[in-house]
Structure formats: structure tokens, C-alpha cells
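K.L.:
I'll drop the sequence and a predicted model, then ask my questions.
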Amino acid sequence: MPSLTPLLANFNASELGLLSSFGDSRVYVPEEVVIREGDDNDHLYLVLKGKLEVLQDVDGYDKRVALLEAGDSLGEVSVFDPGPASATVRAVDEAEVWLITSDSLERLHAASPKVAYRLLSRITTCLSRRLRLMNDKVVDLVNC
């Protein structure tokens, strides 16, 4: 599994091999749905290759709210708090995605607490950055 994402930056080859043994790599063809809005999700996804679009239902129409490329991640909240997906994610072109479930993350922690801690620390950093950006957007909306 190449270290394409900030979540996996600075993991050595042995650690990446360990991580890959606790997750799955899947390939999606164009238009194939990775996650469907409203379906239960407990996965963290890392985009290894290709592009995924994030869509939300707005008045019965799918509105693209994000485009994810190699190196991007999604599902960071779901791996800690499984529940309904807030959006549909589908492949724009052929895409390869690595995913890990919350249960697999727990097994990783039992096998290698250090590697699990580093991964969780990176996920927390990613979520904190997104929360900071959302806070800035809310402040901008309030101040308009």
C-alpha cells in the first residue's frame, strides 16, 4: 500500500504491510457506488488511485459536494462512530480504495498499539483540521 495519504505519511514499509493486513483493497469501476447515503458505515477509506465524487441528495437530485483523489480519505468519523453515511460516494473513473473497519482497527490495536496509535493520531489531526475549516465557514456565514 503506497503512502499516498497524509494519514500514512512517515509509516515505514513494515508498518504499511501491517496496516494492509488489517484492511482490504478494493477496485471500483466508473459510476460504482462505494458508500450510499443513509446506509450504515463503519469504515475508514483511503483513496489509493483514481477519483471519487461525494454526492448529497438535494431535493431529489445528487449534488456533488466534493471530489476525492489519490491521497484523500473519508469515513474518519464512521470508524469511531458507526452510523448512517451522510453522503453517497461513487467512482468517477477506475479507483482503488483501501478500507479498514472499526473492528479491524481494534484488532490492529491489540496486535500493534504503536502503529494503531500513530494511525489514530493522524485521523484525529485530519478531523481537527476539517472541524477548524468548518468553524471558519460558520463564522464567515454569521459575519456576512
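P.N.:
Cool, got the structure.
K.L.:
and the one helix or strand L141 maps to, average pLDDT?
P.N.:
Counting by DSSP states H and E, the element that carries L141 is helix 113-142. When pLDDT is averaged over helix 113-142, the result is 83.
K.L.:
Packing partners of the helix or strand hosting E53?
P.N.:
E53 belongs to strand 51-58 when elements are defined using DSSP H and E. If you count contacts as 3 or more C-beta pairs under 8 Å, 6 or more residues apart in numbering; DSSP states H and E, strand 51-58 packs onto strand 61-69, strand 88-91, strand 95-101. The way it works is simple: take the backbone N, C-alpha and C, and place the C-beta from them, glycine included.
K.L.:
report the angle between the axes of the first one and strand 51-58?
P.N.:
The one in question is strand 61-69. Taking axes from the mean of the first three to the mean of the last three C-alpha atoms, to 10 degrees, one finds strand 61-69 and strand 51-58 inclined to each other by 150 degrees.
K.L.:
so what secondary structure elements neighbour strand 61-69?
P.N.:
strand 51-58.
K.L.:
what stretches of this structure score poorly on pLDDT?
P.N.:
1-6 (pLDDT under 70).
K.L.:
try 80 this time
P.N.:
The model of the chain has pLDDT under 80 over residues 1-10, 122-123, 126-127, 130, 144.
K.L.:
Can you give me the neighbour number for the closest residue to P82 other than its chain neighbours?
P.N.:
Using C-beta to C-beta, 6 or more residues apart in numbering and skipping residues adjacent in sequence, the residue nearest P82 is D42, 3.5 Å away. Residues lying near D42 (other C-beta atoms under 10 Å) number 18.
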